[in-house]
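>>> how would this look folded up:
(4 chains)
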4 protein chains.
Amino acid sequence: MNAAIRAAVRTADSLNISVYGVWRGFQGLVEQDWRPLTSRNCANILQRGGTILNTARCEAWHLPAVRAKAAQDLRDAGVDALVVIGGDGSFTGAELLNREHGISCAGIPGTIDNDLPGTDRTLGFDTALNTAVQAIDRIRDTASAHERIFLVEVMGRSSGMIAVNTAIACGAEAVLYPESEAQGYDALVTQLKAGWQRGKRSSIVVVAEGDSTGGAYKISERLQSEYNLDLRVVVLGHIQRGGSPTALDRIWGSMWGAEAVKRLAAGETSFYLGSQHGELVTNPFSRIRDPKPNPPKELAALAGILAR
Amino acid sequence: MNAAIRAAVRTADSLNISVYGVWRGFQGLVEQDWRPLTSRNCANILQRGGTILNTARCEAWHLPAVRAKAAQDLRDAGVDALVVIGGDGSFTGAELLNREHGISCAGIPGTIDNDLPGTDRTLGFDTALNTAVQAIDRIRDTASAHERIFLVEVMGRSSGMIAVNTAIACGAEAVLYPESEAQGYDALVTQLKAGWQRGKRSSIVVVAEGDSTGGAYKISERLQSEYNLDLRVVVLGHIQRGGSPTALDRIWGSMWGAEAVKRLAAGETSFYLGSQHGELVTNPFSRIRDPKPNPPKELAALAGILAR
Amino acid sequence: MNAAIRAAVRTADSLNISVYGVWRGFQGLVEQDWRPLTSRNCANILQRGGTILNTARCEAWHLPAVRAKAAQDLRDAGVDALVVIGGDGSFTGAELLNREHGISCAGIPGTIDNDLPGTDRTLGFDTALNTAVQAIDRIRDTASAHERIFLVEVMGRSSGMIAVNTAIACGAEAVLYPESEAQGYDALVTQLKAGWQRGKRSSIVVVAEGDSTGGAYKISERLQSEYNLDLRVVVLGHIQRGGSPTALDRIWGSMWGAEAVKRLAAGETSFYLGSQHGELVTNPFSRIRDPKPNPPKELAALAGILAR
Amino acid sequence: MNAAIRAAVRTADSLNISVYGVWRGFQGLVEQDWRPLTSRNCANILQRGGTILNTARCEAWHLPAVRAKAAQDLRDAGVDALVVIGGDGSFTGAELLNREHGISCAGIPGTIDNDLPGTDRTLGFDTALNTAVQAIDRIRDTASAHERIFLVEVMGRSSGMIAVNTAIACGAEAVLYPESEAQGYDALVTQLKAGWQRGKRSSIVVVAEGDSTGGAYKISERLQSEYNLDLRVVVLGHIQRGGSPTALDRIWGSMWGAEAVKRLAAGETSFYLGSQHGELVTNPFSRIRDPKPNPPKELAALAGILAR
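All right, here's what the predicted structure looks like:
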């Protein structure tokens, strides 16, 4: 996210537009926790994980009076436009602020799960994917040496995007994720048995946290009780977040941050950015209510073939 | 590349097709340096850099008689089709083998420079990009602490793809690359002076090895003699190659390796794979003679804006 | 461990001694699962995590008859000496084999917890420490951005070595570990409160898995119920194992592997290697029953001071 | 170095001592470029490469009048003691300030080459070593795939410490460094030939920049002209500096930073810290003129044995 902040600030600077940084998202708008951000403030942040502006939930933003007060505060401070980095919650909040109070708003996709409609990538996804893959590479060393099965739970409450991509990239023997129909516990057992018969003595199974079988611990218990297997569970959890972003995340963060400011400066008032077929696109905020994208079925099928 | 090899072998295995691995490219075809590759041989190679099949130049492949002999050897061994991983040279060699002797050939883009027509990505590019960015992040620590200018030379003899993407991703103050017209020595001097006046005390300049000013050492000499600056040069060179591949390179390597075998098995005879607008595509080998893709101009312009 | 295997094989080779690799530890001795290892077999393994020889528990080794049979098998195969990489269990097994059957045995400290008597380092410890620190660096990004407390559980069933060193190296706000007396739940609460009053909005608490308070999840539940804090738990678990070893682990693995073979070749019959005050030393196997080393108290105290 | 700065500031804070940070070393003393450093200022710097205080050469410090002025400035600002992080130049400068003007001075070993008398480690050495090893691991991928010899030049103008340790840790086929007598061009040729005869088709040769044969490029030219070998040269240079420090460097930086302040607060006036046989020690500044430590000969010999 710091790449997007830096790009927005410096692009604004190049257009002689002043920028305030708002700390802790909408909560910072409510509390007027903002201060000027200059090109100098953004030196040496591109390579840092997390966000210099911090982040927080803001229940109060659901109240129309709170939004009205924030809009008035922004106008009083001479603020014409807002750049919001986040997911569907943040974009809905921005949409309301724009529709009710006429503050121009631009959204930049900043959820790690890569499950937003209108864009085939989100900031942090590529970094999280690579972090998960590197962690599982290490787990693979242990799985091979001990001839064990590891169940590795990755992020994704309602999306298998991280799970399926991770599975392909780390050569997992199987993958379980929310949108999958064919898969599930029985298919997993079949796959593990087939691998065992082909001589596989160690396996990595990637499980999305939102999988309907109930997550890695439940699957492990069931497999252990039914088949007496030597299983281990690893929950990657917050280890997938943070860390210095990958090149791709920095490049798209930079492009979106710059584009958001250029479009707001050119008079656009309500949109969020995305990437479609590799091209930078914009979407109306309403698009955020479209169905979430699913991981490509071919990719999930491929994981099965490559695990032999 | 190992991701593509593994995917090709295991996909073939799933279709009951036998696979030979050919060591050291066309040279291995000439010397019949091949042996069976099984799904088991390809265990634990996905995460490794380089290629288990090694690689080599093969001057002899230019001779029609050598190709005819190789084609006969392949037929004698019962080989129907060949998967070639490489760049324009490899694809031209495969095209000849197919046209002259009817051996089915599929190409997988495997050059690090990402400068092949017909595809917007090549295996190794994302890995090389991230390696360069991580190296420059470290150089940035020293540049900041010592308040120095560093000229960092990255790969790219005829293409600025790596240079421009690296520059954006590491927040370089300037970038010089072959296809650029506006840029060059004078523009660089202007940019460095402007940065100095805005209070920048350290700078990173990314230079593609094929840049017309003559590479990082020549620029450094000229800057040092004309402006008496405290400059340092770093040539990344082979440090950008090798290393455990990124998730993206593993995923595309896997998809292309599998697709190459599926299409050959389905009767296609002469094509190379690519990615366009994020979708997997095929191209006729003749397309390799199209003009090389250039780095997007917007990206190079963006580097200048973000360096303030 | 691969560094030690490679060094042992190549040192033996330089002395014209043949080497067999035994797969899966004592289990492989029992099952005669061994085959020749040459200098060539050990190419390109130095940088790999895990062990090419795999590993396994071997309950049968407790039976004298099983050991007698294995000793006879070794003698029948012309084997004079054994190099064992492992911890107290492995060394006790080697001690028995030597005492009962006269097979010369050398031990190399290969437990990740760094809690063996007679050595101030063990193979894998430095790698595990750095892996834990890098993971917590990433968690720190999220902790800072969200202003949260994270409890991070690291390895160490009966030893705080990893916990205390990790805490210093990642700047943890507090550390809980088995040997600590002063520490514990109440001290933790005091420390977190003091930090909060000094303006700390995020904290990392490192917890050894063997800590008497019951591990990170129990502490989290108690803190959450008593203070209503926004806590997160991360269990690093097997993520700390595996991975390409650090320089230090490779260097000591190489030195110990070479030294084990040299000493066996020179006629020593029963010892394990170690490092004391930075020097390579040997210990009699009986020393393994000495008290385990504790993490230095000054280091644990330092963690408290530096967390302000 | 940031670990040492953080530890010094926070330890002082715990003793109710105020701290100024001096920017750019002695140059900052001369220019009074200092400002208060608080525990808060040192949040989130532990994991960062480089130094938040920057660094610079200061020719003027050789002038007695300049040192006298700086001492007076320090006294005027109520400063009693100085912590200096650096190598022999910095320690000599601190020694003069103490002897001539009675300012208490503590030194912390902060050179990357690990070649200071009185200590067996220096801050940055372990990080530089691991960075070099990771870079050469990647180069090894290319060397193997292309069956080539790589000459890799690492830091060390007058010391082979980095070169020899790197060679062991990356499994180099040979190592050339300043203090070596036996080694040199002829020995290198003998080693490369022997490796070739044993079937080695790729080699890594580590060369210290201060080696008497003249560095990697000169050796490469001679080998190429005499033996027509396919050689590549990589100069790691500044890539070895910077980067997030390893656990060991962070731990020793923390211990030394804390100890420097504790000892100054307890009335010690003139010393530099070190590590000997794994224990924290102090040395008088005069010790810096002792002979530099050499890399252990056993280690260099081991590199030769393990390269087979």
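>>> How much space separates whichever residue of chain A sits closest to chain D from B:Ser202?
Nearest residue of chain A to chain D: A:Ser244, at 8.4 Å (Cβ to the nearest Cβ). Every C-beta, even on glycine, is put in place using the N, C-alpha and C of the backbone. The spacing between A:Ser244 and B:Ser202, counted by Cβ to Cβ, to the nearest Å, is 19 Å.
>>> One more: A:Glu226?
Taken as Cβ to Cβ, the span from A:Glu226 to B:Ser202 is 61 Å.
>>> Comparing the two, which shows the higher neighbour count?
B:Ser202 (22 against 10; other Cβ atoms under 10 Å in any protein chain shown).
>>> Count residues in the vicinity of the residue lying closest to that one once chain neighbours are set aside, would you?
Distance criterion Cβ to Cβ, 6 or more residues apart in numbering or on different chains; nearest residue to B:Ser202, sequence neighbours excluded, is B:Ala143 at 4.1 Å. By other Cβ under 10 Å, the residues close to B:Ala143 number 24.
>>> With the one 4 residues further on instead?
Close neighbours of B:Glu147, defined as other Cβ under 10 Å, add up to 15.
>>> quick one, what contacts the residue sitting nearest the centre point of chain A?
Chain A has A:Ile112 as the residue nearest its centroid, 1.1 Å off, counting by Cα atoms, centre = their mean. Going by Cβ atoms under 8 Å, 6 or more residues apart in numbering or on different chains, A:Ile112 touches A:122, A:124-125, A:128, A:155, A:162, A:240-241.
>>> Phi and psi next, for it.
Main-chain torsions, A:Ile112, degrees, to the nearest 10: phi -80, psi -20.
>>> now A:Val83
phi -110, psi 120.
>>> Which parts of chain A are strands?
Applying DSSP state E to chain A gives strands spanning A:19-22, A:34-37, A:81-86, A:104-109, A:149-154, A:174-176, A:203-208, A:231-235, A:270-276, A:279-283.
>>> Below-threshold pLDDT in the stretch 51-200 of chain A: ranges please.
A:181-183 (pLDDT under 70).
>>> For the residue in it positioned nearest to chain C, grab the count of nearby residues.
Proximity of the stretch 51-200 of chain A to chain C (Cβ to the nearest Cβ) peaks at A:Asp141, 3.1 Å away. Close neighbours of A:Asp141, defined as other Cβ under 10 Å, add up to 23.
>>> Same question for A:Pro117.
Neighbours of A:Pro117 using other Cβ under 10 Å come to 14.
>>> pretty sure A:Gln276 is in contact with A:Thr119, am I right?
Yes. Applying Cβ atoms under 8 Å as the test, A:Gln276 and A:Thr119 come out as touching, 6.8 Å apart.
>>> which of the two has more neighbours?
A:Thr119 (24 against 14).
>>> distance of the more buried one from A:Asn283?
On the measure of Cβ to Cβ, A:Thr119 and A:Asn283 end up 7 Å apart.
>>> any common contacting residues for the two?
A:272-274.
>>> What is the top helix by length along chain A packed up against?
When chain A is parsed with DSSP state H, its longest helix is helix A:125-146. Helix A:125-146 sits against strand A:149-154, helix A:161-170, strand A:203-208, helix A:247-265, helix B:247-265, with contacts defined as 3 or more Cβ pairs under 8 Å, 6 or more residues apart in numbering or on different chains; DSSP states H and E.
>>> cutoff 6 Å now
If you count contacts as 3 or more Cβ pairs under 6 Å, 6 or more residues apart in numbering or on different chains; DSSP states H and E, helix A:125-146 packs onto strand A:149-154, helix A:161-170, helix A:247-265, helix B:247-265.
>>> okay, the strands of chain A in CSV with distance to D:Met255 next?
CSV is the format used below for the strands of chain A (distance: least, Cβ to Cβ, whole Å):
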stretch, distance to D:Met255
strand A:19-22, 37
strand A:34-37, 37
strand A:81-86, 40
strand A:104-109, 43
strand A:149-154, 36
strand A:174-176, 45
strand A:203-208, 39
strand A:231-235, 32
strand A:270-276, 48
strand A:279-283, 50
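>>> got those strands as CSV, with distance to chain C columns?
What follows is those, written out as CSV (distance: least, Cβ to the nearest Cβ, whole Å):
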stretch, distance to chain C
strand A:19-22, 13
strand A:34-37, 16
strand A:81-86, 12
strand A:104-109, 16
strand A:149-154, 7
strand A:174-176, 18
strand A:203-208, 11
strand A:231-235, 5
strand A:270-276, 21
strand A:279-283, 26
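>>> out of the ones you listed, nearest to D:Ser14?
Smallest distance to D:Ser14 across the strands of chain A (Cβ to Cβ): 30.7 Å, for strand A:34-37.
>>> partners of that closest one, with directions?
strand A:19-22 (antiparallel) (DSSP bridges).
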